[in-house]
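> my questions are about this predicted structure, shown below with the sequence.
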Amino acid sequence: MTTRSGKSGSVEPADRKRHAGTHANSRPKDAGILIIIRRDTDQPRLLMGRRSNRHAFMPNLVVFPGGRVDRADHFGPSADDLAKPVLNKLLSHTGAAMSPRRARAVALAAIRETCEETGVLVARPAKATNAARAKVWQPFVQRDLLPTLQHLRFIARAITPPRRNRRFDARFFAAFDDQIAGRMDIAEDELSEVQWLTFDEARATDLPMITEMILNSLQTRLDADPDLKANTPIPFHSMRHGRFVCDMI
């Protein structure tokens, strides 16, 4: 099913120049984004922060933690595996190059970037393995923790439109705050003003268009499915023939 409405809807001809990029086209790079949900008694809150003005991509905007997949993510450790329905959905609507190992790397990138940007460790107690020797995993290993994948939920996918200065094939995951096993102090080099925001508080900030779209779909899903079942259809945002589209996968 494809929908075209609101901000995620089609781009009228008069607006196409405004939406068009000016950079040479490039292949999107894999990225993992993690939305941590704190189930407060009044309403849910989400962990978000403001991107540094030094970033070439989305400077000064408020976003969820995350970033591109690095080499260390392909060989990274974990205490457990992705839930089967989550893995299957990560592999759907992709080419042959998207393997289970690559899908796992995207999920690990989301957890690693969340640690680096917010100091929050989505993990559980586990013994370190040889895969945990890389420097990026030491915040986990030093606390006798390893990243946990089992309770991650795949909630959205979005590909940056063509001819932007950076392009990502971003997979958005969600986890509840009971998966946080530790915290560490960090320098605010990549995200500042890291805080827990309600949905309305988040909308009142400077959000990228795609972040607001995913925020809205997540709120709707939480209202109907508070525990975020693993096999629920998810939105896949992309641009096709100059039009923004959202397919459900």
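Happy to help now that I have it. Since the model is a prediction, treat every value here as computed from it, not as a measurement.
> the longest strand in the protein is where?
strand 29-39 (DSSP state E).
> in that strand, which residues are buried?
Residues of strand 29-39 classed as buried: D30, A31, G32, I33, L34, I35, I36, I37, R38 (neighbour count, 16 or more other CB atoms under 10 Å). The C-beta positions use only the backbone N, C-alpha and C, and glycine is treated the same way.
> tabulate those residues in JSON lines, adding columns for distance to R101 and pLDDT.
Output for the buried residues of strand 29-39, formatted as JSON lines (distance: CB to CB, whole Å; pLDDT from 0 to 100):
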{"residue": "D30", "distance to R101": "12", "pLDDT": "96"}
{"residue": "A31", "distance to R101": "17", "pLDDT": "97"}
{"residue": "G32", "distance to R101": "14", "pLDDT": "98"}
{"residue": "I33", "distance to R101": "20", "pLDDT": "98"}
{"residue": "L34", "distance to R101": "19", "pLDDT": "98"}
{"residue": "I35", "distance to R101": "24", "pLDDT": "98"}
{"residue": "I36", "distance to R101": "25", "pLDDT": "98"}
{"residue": "I37", "distance to R101": "27", "pLDDT": "98"}
{"residue": "R38", "distance to R101": "31", "pLDDT": "98"}
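> my guess is V194 contacts L46, does it?
No - counting by CB atoms under 8 Å, V194 does not reach L46; the two are 11.2 Å apart.
> with neighbour numbers in mind, choose between those two.
Under the criterion of other CB atoms under 10 Å, the comparison of V194 against L46 puts L46 first, with 21 against 17.
> give me the mean pLDDT for the helix or strand encompassing the more buried one.
Using DSSP states H and E, L46 sits within strand 44-51. Per-residue pLDDT over strand 44-51 has a mean of 95.
> give me the contacts around the helix or strand following it.
Next along the chain after strand 44-51, taking DSSP H and E as the criterion, comes strand 62-63. With contact meaning CB atoms under 8 Å, 6 or more residues apart in numbering, strand 62-63 is reached by 33, 48-51, 191, 193, 202, 205-208, 211.
> and of these, the nearest to A230?
Within the contacts of strand 62-63, proximity to A230 (CB to CB) peaks at I33, which comes in at 17.6 Å.
> so which pair among the buried residues of strand 29-39 is furthest apart in space?
The widest separation within the buried residues of strand 29-39 (CB to CB) is 27.2 Å, between D30 and R38.
> quick one: contacts for the most centrally placed residue in the chain?
The chain has I33 as the residue nearest its centroid, 1.6 Å off, counting by CA atoms, centre = their mean. Neighbouring residues of I33 by CB under 8 Å, 6+ apart: V63, F64, P65, G66, A110, E113, A170, R171, F172, F173.
> how about a markdown table for these, with distance to D80, pLDDT and secondary structure added?
Formatted as a markdown table, the contacts of I33 follow (distance: CB to CB, whole Å; pLDDT from 0 to 100; DSSP: H, G, I helix; E, B strand; the rest coil):
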| residue | distance to D80 | pLDDT | secondary structure |
| --- | --- | --- | --- |
| V63 | 27 | 96 | strand |
| F64 | 22 | 97 | coil |
| P65 | 21 | 96 | coil |
| G66 | 20 | 96 | strand |
| A110 | 15 | 98 | helix |
| E113 | 19 | 96 | helix |
| A170 | 23 | 97 | strand |
| R171 | 18 | 98 | strand |
| F172 | 20 | 98 | strand |
| F173 | 14 | 98 | strand |
